[in-house]
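1. Predicted model and sequence follow; I will ask about them next.
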Amino acid sequence: QLVESGGGLVQPGGSLTLSCAASGFTLDYYDIGWFRQAPGKEREGVGCISSSYYRDGSTYYSAPAKGRFTISRDKAKNTVYRHLNNLEPEDTATYYCASDCSEEATTWGQGTQVTVSS
């Protein structure tokens, strides 16, 4: 099971850190993807962190996220974090983490809402 938290209302230019905590399995064994879905739009991938157990733990970001969003992993807490900086109203969406970097992930979190508004 994956559980996201950390969403909320933030002003443009602000920052948030989203958490993706795992229970029942070791998060570090998996590539963990972050996705978001804005109202009326399709879900899109916004980044991924590869397993540091089977791969090198490197991170990948989609074009909208580059330079503003980062991903980190805390093995001791079995948690992956998504750091959102310099948020824009266009970043308003429900953010999800998943147990793979692709849409074919078998385990998804319930999502956490991020609203960017003044």
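-> Nice, thanks for sending it over. Everything numeric here is computed off the predicted structure, so don't read it as measured data. Residues are numbered from 1 along each chain as shown.
2. for the chain, what spans make up the strands?
-> Secondary structure of the chain (DSSP state E): strands located at 2-5, 8-10, 16-22, 32-37, 44-49, 59-60, 69-74, 79-84, 93-98, 112-116.
3. any idea how far residue 87 is from residue 74?
-> Distance check for residue 74 against residue 87: by Cβ to Cβ, to the nearest Å, it reads 22 Å. Using the backbone N, CA and C atoms, a C-beta is placed for each residue, glycine as well.
4. Between the two, which has more neighbouring residues?
-> residue 87 (21 against 13; other Cβ atoms under 10 Å).
5. Near the residue nearest to the more buried one when sequence neighbours are not counted, how many other residues are there?
-> Closest residue to residue 87 apart from its sequence neighbours, by Cβ to Cβ, 6 or more residues apart in numbering: residue 116 at 4.6 Å. By other Cβ under 10 Å, 19 other residues sit near residue 116.
6. Tell me the confidence at residue 116?
-> pLDDT for residue 116: 97.
7. measure stretch 85-94 end to end?
-> 16 Å (Cα to Cα, to the nearest Å).
8. Mean pLDDT per helix and strand in this protein: which one sits at the bottom?
-> Across the helices and strands of the chain, mean confidence by mean pLDDT, DSSP states H and E is lowest for strand 59-60: a mean of 90.
9. Name every strand pairing with that strand and say which way it goes.
-> Each strand that pairs with strand 59-60, with its direction, by DSSP bridges: strand 44-49 (antiparallel).
10. got the contact list for the strand it pairs with?
-> The contact list for strand 44-49 (Cβ atoms under 8 Å, 6 or more residues apart in numbering) reads 31-37, 57-62, 64-65, 69, 71-73, 80, 82, 95, 101-103.
11. Is it possible to mark the buried ones in those residues?
-> 31-36, 57, 60-61, 65, 69, 71, 73, 80, 82, 95, 101 (16 or more other Cβ atoms under 10 Å).
12. Now residue 65: closest residue in space that isn't a chain neighbour?
-> The shortest distance from residue 65 to any non-neighbouring residue, by Cβ to Cβ, 6+ apart, is to residue 46 (4.7 Å).
13. Just give me the neighbour total for the one you found.
-> Residue 46 has 24 neighbours, counted by other Cβ under 10 Å.
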